[in-house]
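[1] Predicted coordinates and the sequence they were generated for:
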Amino acid sequence: CLATLVIMLVGDTYTLINYVSFINYLCYGVTIIGLIVLRWKKPKIFRPIKVNLLIPIAYLAFWAFLLIFSLYSEPVVCGVGLIIIFTGVPVFFLGVYWRNKPKCVNRLIESMTCWGQKLCFVVYPQGGVAEEE
């Protein structure tokens, strides 16, 4: 998020759109690959919608063409898009993977979460005594 804000302040909007579109295409393809892997590894689990595997495989063929063409035509934009994605890795390790954090780190994360929720107007109501009565 911070890297995107810096790029938006420094660069032009069309370059940012190119970064985000590459990231979107990459995420869509990884999602379809996950669908195929789950259909192969866990074929018996319940699926509310089940499509023929030719549809996601055909989608992956077009996806691979678009992604390879993007990497070939604009490697710098794709590289910056990948860097934007990888900036989330330390955040994941600090916020999710690291279970036994010191209390000061937990308080910092909670205050940043509360601040972000208030800023974006996404604060969920807490189930307290006032609501139950």
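    Alright, I've got the coordinates.

[2] What helices and strands are in contact with the longest helix along the chain?
    Secondary structure of the chain per DSSP state H: the longest helix is helix 13-41. Under the contact definition 3 or more Cβ pairs under 8 Å, 6 or more residues apart in numbering; DSSP states H and E, helix 13-41 sits against helix 2-10, helix 54-73, helix 75-86. To be clear about C-beta, it is placed using only N, CA and C from the backbone, and glycine gets the same treatment.

[3] mind redoing it with 6 Å?
    Applying 3 or more Cβ pairs under 6 Å, 6 or more residues apart in numbering; DSSP states H and E, one finds that helix 13-41 contacts helix 54-73, helix 75-86.

[4] Extract the residue ranges of the protein that are flagged as low pLDDT.
    By pLDDT under 70, the low-scoring segments of the chain are 3-4, 7-8, 10-11, 124-133.

[5] ok, 80 please
    Counting by pLDDT under 80, the ranges of the chain that qualify are 1-20, 95, 123-133.

[6] and Lys42, how far is that from Gly34?
    Distance, Lys42 to Gly34, by Cβ to Cβ, to the nearest Å: 11 Å.

[7] got the buried residues for stretch 56-72?
    Buried positions in stretch 56-72, judged by neighbour count with 16 or more other Cβ atoms under 10 Å: Pro56, Leu60, Trp63, Leu67, Ser70.

[8] Output those in JSON lines; the columns should cover distance to Asn18.
    Formatted as JSON lines, those follow (distance: Cβ to Cβ, whole Å):
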{"residue": "Pro56", "distance to Asn18": "26"}
{"residue": "Leu60", "distance to Asn18": "22"}
{"residue": "Trp63", "distance to Asn18": "17"}
{"residue": "Leu67", "distance to Asn18": "13"}
{"residue": "Ser70", "distance to Asn18": "9"}
